[in-house]
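K.L.:
please work out how this folds:
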Amino acid sequence: MTSPDLLARDPLWFPWRYDEAADGFRFRRLSRADHASATFLTDEYLGPGAELAASRTAVAANRAPEAPLHFIFHSAFCLSTLLARAFDAPGVAMGLKEPMLFNDLAGWQLRGGGGAPLAAALDASLALLARPFGPGEAVVIKPSNIANALIGGMLQLRPGARALLLHAPLPVYLGSIVRKGLDGRLWVRDLLAKQLQQRLHDFGFTADDYLRQTDLQVAAMGWLAQQRLFARLAQRWPDRVCSLNSDLITGRSAEVMAALAAHFGLALDVARVVQGPAFTRHSKHGTEFDATARAREQASEAAHADEIAKVTMWAEAVARSRDLDLNLPAPLLG
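P.N.:
Here you go, the predicted model:
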């Protein structure tokens, strides 16, 4: 009952982690309810569980048919989890929230992995994640933004996949960082360090320059690097990639979901989705959530308003100096 054939073909055996040393996957059995209850597909939210292993070659030899596969790529703190939850729609699609194996592949890339071995592991990962949870269903994946350097490879390996490039406006992003206190400030510095290794920065700053910047300047540079990456992706695949400002998700919810469902080619019951828990309960806390609650959340940043405004102006000047348009191409809504 736990042969490589079953692990490769049964979508309830979820590809939990990728082990580069063994060139194999570790699987955990997760029901649809397990997916729905977890904010992210991590130990923190799912807790410990039994794991089974299979090599990549064994999985490839028993490859299952793939469902249509689409992506929600994001630059963090922009309601991406809400959108992934919205695609948990039995009979239509399943939304996967930040599978850890993408973080494993990104970590391998940061340690020098690449070329054919990384491409083979990424292809096998996508094949496992694309197993349909129900007849006729598509799969919509939201990777962690640490895997954004792998987006080009994902789109090349799955030419039928479509993607949304989601971002929060810079002041909103910076506000999210300050609300998280020390954890947020440490996170943006860690992100910058990884982005520098991934060669996502070409803004003319040296490592010493970054050390002299404030936490929110570092946060803004990480945001700019992702905006530049997203702009290049939209220009490369204009027929497959759309962009979205996250403020529209709460401001024009029904329009966003109708347009996104059409972009992915899915017959989603939009009215039901926007009235359901994805749009009415906080993705991370489970508390009541709507446009008013989001505005109240953002109002807590008032003590940092001066710093956020100054860093935003500074980042806009940096963007102009590098000919970076902060309005992404290919907007989902008009």
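
K.L.:
can you pull the contacts of residue 74?
P.N.:
80, 142, 145, 165, 166, 167 (Cβ atoms under 8 Å, 6 or more residues apart in numbering). C-beta coordinates here come from the backbone N, C-alpha and C atoms, glycine included.

K.L.:
surely the second one touches residue 80?
P.N.:
Spelled out, that is residue 142. Yes - applying Cβ atoms under 8 Å, one finds residue 142 in contact with residue 80, separated by 5.3 Å.

K.L.:
between those two, what contacts are shared?
P.N.:
72, 74.

K.L.:
point me to the helix or strand that includes residue 164.
P.N.:
For residue 164, the element it lies in under DSSP states H and E is strand 163-167.

K.L.:
what's the mean pLDDT across stretch 301-315?
P.N.:
For stretch 301-315, mean pLDDT is 94.

K.L.:
buried ones in that stretch?
P.N.:
301, 304, 307, 308, 311, 312, 314, 315 (16 or more other Cβ atoms under 10 Å).

K.L.:
so what touches that stretch?
P.N.:
By Cβ under 8 Å, 6+ apart, stretch 301-315 touches 170-171, 174-175, 178-179, 214, 216-217, 219-221, 223-224.

K.L.:
over to stretch 28-39?
P.N.:
By Cβ under 8 Å, 6+ apart, stretch 28-39 touches 12-14, 16, 41, 45-46, 49-51, 81, 85, 88, 90, 94-97, 133, 283-284.

K.L.:
can you select the buried ones from those residues in ChimeraX?
P.N.:
Command for ChimeraX, covering only those of the contacts of stretch 28-39 found buried under the criterion 16+ other Cβ under 10 Å:
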select :13,14,16,41,46,81,85,88,94,95,96,97,133,283
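
K.L.:
can you map out the helices along the stretch 201-334 of the chain?
P.N.:
207-212, 215-236, 247-251, 253-264, 270-274, 277-280, 291-299, 305-321 (DSSP state H, counting those that start in this stretch).

K.L.:
which neighbouring elements make contact with the shortest one?
P.N.:
Secondary-structure packing of helix 277-280 (3 or more Cβ pairs under 8 Å, 6 or more residues apart in numbering; DSSP states H and E): helix 80-86.

K.L.:
brilliant, that's me finished.
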